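J.: Pasting a predicted model and its sequence here:
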Amino acid sequence: MTAEHQRLKVNSEKPIPLEQWGPYLSERQWGTVREDYGHYGDAWGYLPFDQSHYRAYRWGEDGIGGISDYFQNLCFAITLWNGKDKILKERLFGVGNYDGNHGEDVKELYYYQDNIPTHYYMEYLYKYPQNEFPYDDLLQTNRTRSKLEPEYELLDTGVFNDDEYFDVKLTYAKQNPTDIYIKIDIINRSAKAAPLTVLPTLWFYNRWAFTPDEPKPVISYIDKTAVSATHPRLGNYHFYFQMPDDRLFTENETNLNKVNGTENTSIFTKDAFHNAIINGENRIKLRNKKEGTKFSPVYELNVKAGETKTIYCRLTSRADDKPFSLGFEKIFAVRKQEADDFYTAILPNEISIDLKNIQRKALAGVLWSKQYYHFDVERWLTTSDGITPVNFGKQNGRNKDWEHLKNQDIIAMPDKWEYPWYAAWDLAFHCIALARVDVTFAKHQSLLIMREWYMKPDGQLPAYEWNFSDVNPPVQAWAALEIFRIEKETYGAGDIVFLKRVFQKLLINFTWWINRKDSNGNNIFQGGFLGLDNIGVFNRSQHLTEGMQLEQADGTSWMGMYALNMMDMALEIAKQDIAFEDTATKFFEHFVLIAEALNSHLLWNEEDKFFYDTLCITGAEPLPLKIQSIVGLTSLFAVSNINKETYKKLPDFKKRSDWFDNYRKKNNLFLPNEEHGDGEQTLISLVQKERLIHLLKRLLNEEEFLSGGGIRALSKYHEENPYSVTIDGEKHTIQYDPGDSTSNLFGGNSNWRGPVWMPINYLIIRSVKKYGEFYGDNLKVECPAGSGKMLNLVEVSELLTQRVVSIFAKDDLGGRKLNGKYNWFYSKPANQELVLFFEYFHGDTGSGLGAAHQTGWTALVADLIGGKEVPMEEWITARNKQNFVAEEDD
């Protein structure tokens, strides 16, 4: 076992497998629903970026490259000033949803360089211009651009053209769980010297404004290079730092004068450092103050061309007379070597250096995405933030039916700036990526969203804070099986207790789907947008005119997949606990009924050989919405291979399923695809072989779904053949749109009308491979269509994998598809190994689009690249022990 594996083994025995300190600080707290106390549900307008500097947050904190304890009592992050900006660089800047021509978007350059599960070693890189940061240019240009134009990014402004910027590299190395060394490297990439002010900032999350009966925490002066931080819950910490040019104290409290003109009772407000550093305002008073809830040493540097200057800090729970004793810097090299050893142990050796870099960066990113998330909906609805009184609009608005939801956990976020809130189906994919590096935490996250402080009493899972009642695809059962598979492949044994816990919770959720989303009781399911934003010709979540109903091919397919996943899970458990055998039969039979509805209803179009959503109108013929999108391909996801040994171990399941099959055959009832091959395994799938071949013809056609970077969300066929439908006198049109969204549906910040999305490609690859493992060379298809090259379906899955990975990999010239027009910047020696993990990718070019740090589901590329089998008896023993420990509640 590597040193990191030994630490993970210890964590796996904890009720909650978390380190006390980690990268749990959000990158954006402003503009979130939980900070919105306004009357109208306008989260972007209620607390915009401009006010984030002087308004204390209610539900969490944010910063650049920061850390906190797991209840975010105490936070650390860096603050910078280049001597020219009007504000300190204290948090990442981006345009809000109203200001971006394609919705909200961060306008910064930062990179998650390295991380390991226990966060004993972490690297973060931020690029800061030496000239004035172009806040106004970015804001105004994006405001004036149309939906048909690309976003205006920081690299478009010219501020990096002459390399006049600093690389600010943050490195964290833990001595032990509560002793953290911090290294801040400032590298001048310019050809001339430049000034930089650096403020390593320590502060407390402001809970005291809302809990006046509890003691207020305090940061206190010890000497010129040390302060203490005392918190009633966290205990005592010491913050040591090298000799600074100045030391400033203030309070993490709102500047009410700037908010509403109210006279402040004190000059010591959240934004006091901005005024002191930039304008010299009250700087002496902040220097003379000897305690507060926000503190920073100040380093005023002049960095020569090409020079690196380094600042060291240390945050520790124990007092130390010699905090930087001789040779202390070695801790960084030791922890870096341990990180190298860890990744060497779990990642494949036979791949290229470039692929190793991509894989490690992806996994580092998903580890950096851990964030403290705090939201008590009942309290949010019924209390004030100290600025806006409790109001009727909020009490009867968004999320009013989710008062039971009381979250205070560390959660893997989709993107800590663009999506600093969890989403149900995103999290399922995050857990698969996490399973490669920390399977215990992956299982914890998978179960967390099903706990009673998340799941509604009726069984609904929360979608995301903008509307917890929205419906995401039910992928939790599938993701649990993927985690089980990865653990079994990696460590030699899967975790049956984990599957049992997931299964019991999902029984409740499956019942909710049956009761709420099958309105006619005919196994045809709705669900609205189902996480695919603008995939429909109109908003699929909108309420249609009376007498109209949308029957969804993907809603029904997702439920077929859900039923089959639950069957697979029950079968796996039943091999060790026979009590689950009956439920496997139940879900098999339910799957058959859903498969019958999908295939025998009006969702399959025989003329086009494709599944379509169908609009049913009272008194009229059903209208198929002939859009060739991934909506029609989700039917591929429901596929299972049952081997002969399973039938031998579970004779009652075999007997019952055989009886059910025979009964339906005798009565001329529909049966899903069920093939027995050579007798060693049975294939069960939602689509029969003939229809599978038809779907694959479209899937593998480069003029339709297949792109150089994977499968498009909407067929390229619609580039020359847009689809239109008129409903209630209003015409709706959808067309192939391979780049940024040109519609305003769901805020317009993501696009499912042509780009390549990682989670869908991952599902397709895994499903096609499963078909291939059954059919072998008995089923070959032309791939790509028209190439004359015949491949079996395992080979097809490999080709699809190669295309997806090619988005990230260097080409012969050293460029990466995902960098698009910015390869000029990433071809520079210092930037060649930097990799971003975008939300989605251009359907023709593969360039990155949307959120630039979506190392939640885009980190799935790490699993596509592969892993290494490392059976560990001690690990399995520790995991089994952990399963008998009760998990702590909030």
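T.: Alright, I've got the coordinates. Residues are numbered from 1 along each chain as shown.

J.: what's the burial count for Ile760?
T.: By other Cβ atoms under 10 Å, the residues close to Ile760 number 22. (C-beta placed from N, C-alpha, C; glycine too.)

J.: For the stretch 1-150 of the chain, which segments are assigned as strands?
T.: Along the stretch 1-150 of the chain, the stretches classed as strands by DSSP state E, counting those that start in this stretch are 21-22, 64-69, 74-81, 94-95, 105-106, 109-115, 121-129.

J.: between those strands, which gets nearest to Ala479?
T.: Ala479 sits nearest to strand 109-115 of all the strands of the stretch 1-150 of the chain, at 21.7 Å, using Cβ to Cβ.

J.: quick one, phi psi at Gln549?
T.: Dihedral pair for Gln549: phi -150, psi 140, per degrees, to the nearest 10.

J.: Is the nearest residue to it once chain neighbours are set aside part of a helix or strand, or is it coil?
T.: Nearest residue to Gln549 in three dimensions, chain neighbours excluded: Cys616, at 4.8 Å (Cβ to Cβ, 6 or more residues apart in numbering). Under DSSP: H, G, I helix; E, B strand; the rest coil, the three-state class of Cys616 is strand.

J.: Neighbours of Cys616, how many?
T.: 17.

J.: got the contact list for it?
T.: 548-551, 622-623 (Cβ atoms under 8 Å, 6 or more residues apart in numbering).

J.: Take those residues and keep only those in strands.
T.: 548-551, 623 (DSSP state E).

J.: Which one of these is nearest to Asp678?
T.: Proximity of the ones in strands among the contacts of Cys616 to Asp678 (Cβ to Cβ) peaks at Glu551, which lies at 37.9 Å.

J.: Among the ones in strands among the contacts of Cys616, name the buried ones.
T.: Burial by neighbour count, judged by 16 or more other Cβ atoms under 10 Å, picks out 549-551, 623 from those.

J.: just those residues now: which is nearest Ile693?
T.: Glu551 (24.8 Å).

J.: where do the strands sit along the stretch 201-350 of the chain?
T.: Going by DSSP E, counting those that start in this stretch, the stretch 201-350 of the chain shows strands at 218-223, 226-231, 235-241, 246-250, 291-292, 294-303, 308-316.

J.: The stretch 501-650 of the chain too?
T.: Using DSSP E, counting those that start in this stretch, the strands of the stretch 501-650 of the chain run over 548-551, 604-605, 610-611, 613-617, 623-625, 639-643.

J.: Mind giving me the packing neighbours of the second one?
T.: On a contact count with 3 or more Cβ pairs under 8 Å, 6 or more residues apart in numbering; DSSP states H and E, strand 604-605 meets strand 610-611.

J.: what is the mean pLDDT for the strand it packs on?
T.: Averaging pLDDT along strand 610-611 yields 96.

J.: Tell me the neighbouring strands of that strand, and mark each as parallel or antiparallel.
T.: strand 604-605 (antiparallel) (DSSP bridges).

J.: Now do the strand it pairs with: everything it contacts.
T.: Under Cβ under 8 Å, 6+ apart, the answer for strand 604-605 is 598, 610-612, 624, 626, 691.

J.: Same check on stretch 350-365?
T.: 112-115, 123, 343, 347, 433, 436-437, 805, 808-810, 833, 835, 837, 853, 855, 858-859, 861-862, 865-866.

J.: Most remote residue from the middle of the protein, which is it?
T.: Largest separation from the mean C-alpha position in the chain: Lys666, at 48.3 Å (Cα atoms, centre = their mean).

J.: Need the per-residue pLDDT for it.
T.: pLDDT at Lys666 comes out at 93.

J.: Please report how far it lies from Phe660.
T.: Plainly put, Lys666 is 11 Å away from Phe660 if you go by Cβ to Cβ, to the nearest Å.

J.: Same check on Gly528?
T.: For Gly528, the distance to Phe660 equals 32 Å [Cβ to Cβ].

J.: just checking, Asp69 touches Pro23?
T.: No. Here Asp69 lies out of contact with Pro23, judged by Cβ atoms under 8 Å, at a distance of 11.7 Å.

J.: Flag the shaky bits of the stretch 651-800 of the chain, pLDDT-wise.
T.: 746-747 (pLDDT under 70).

J.: so which helix or strand takes in Tyr181?
T.: strand 179-188 (DSSP states H and E).

J.: elements contacting that strand?
T.: strand 165-176, strand 194-204, strand 294-303, strand 308-316, helix 330-346.

J.: how about those in TSV, adding mean pLDDT, mean neighbour count and distance to Gly492?
T.: Below are the helices and strands packed on strand 179-188 laid out as TSV (pLDDT from 0 to 100; neighbours: other Cβ atoms under 10 Å; distance: least, Cβ to Cβ, whole Å):
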stretch	mean pLDDT	mean neighbour count	distance to Gly492
strand 165-176	98	21	29
strand 194-204	98	22	44
strand 294-303	98	20	49
strand 308-316	98	18	38
helix 330-346	97	17	14
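
J.: now those as TSV including distance to Ala3?
T.: Shown next, in TSV, are the helices and strands packed on strand 179-188 (distance: least, Cβ to Cβ, whole Å):
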stretch	distance to Ala3
strand 165-176	11
strand 194-204	27
strand 294-303	31
strand 308-316	20
helix 330-346	4
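
J.: Out of the strands of the stretch 501-650 of the chain, which one sits most buried?
T.: strand 610-611 (a mean of 26; mean count of other Cβ atoms under 10 Å).

J.: Residue ranges in this structure under the pLDDT threshold?
T.: If you take pLDDT under 70 as the line, the chain has these spans: 529, 746-747, 867-890.

J.: Which one of the strands of the stretch 1-150 of the chain lies nearest to Glu153?
T.: Across the strands of the stretch 1-150 of the chain, closest to Glu153 is strand 105-106 (Cβ to Cβ), at 8.1 Å.

J.: how much distance is there from that closest one to the middle of the chain?
T.: Distance of strand 105-106 from the chain centroid (Cα atoms, centre = their mean, to the nearest Å) equals 15 Å.

J.: Also stretch 454-462?
T.: 20 Å.

J.: now stretch 153-171
T.: 26 Å.

J.: circling back to that earlier point, have a look at Gly528 and Phe660 and say which one is more surrounded.
T.: When neighbours are counted by other Cβ under 10 Å, Gly528 comes out ahead of the other of Gly528 and Phe660, with 20 against 16.
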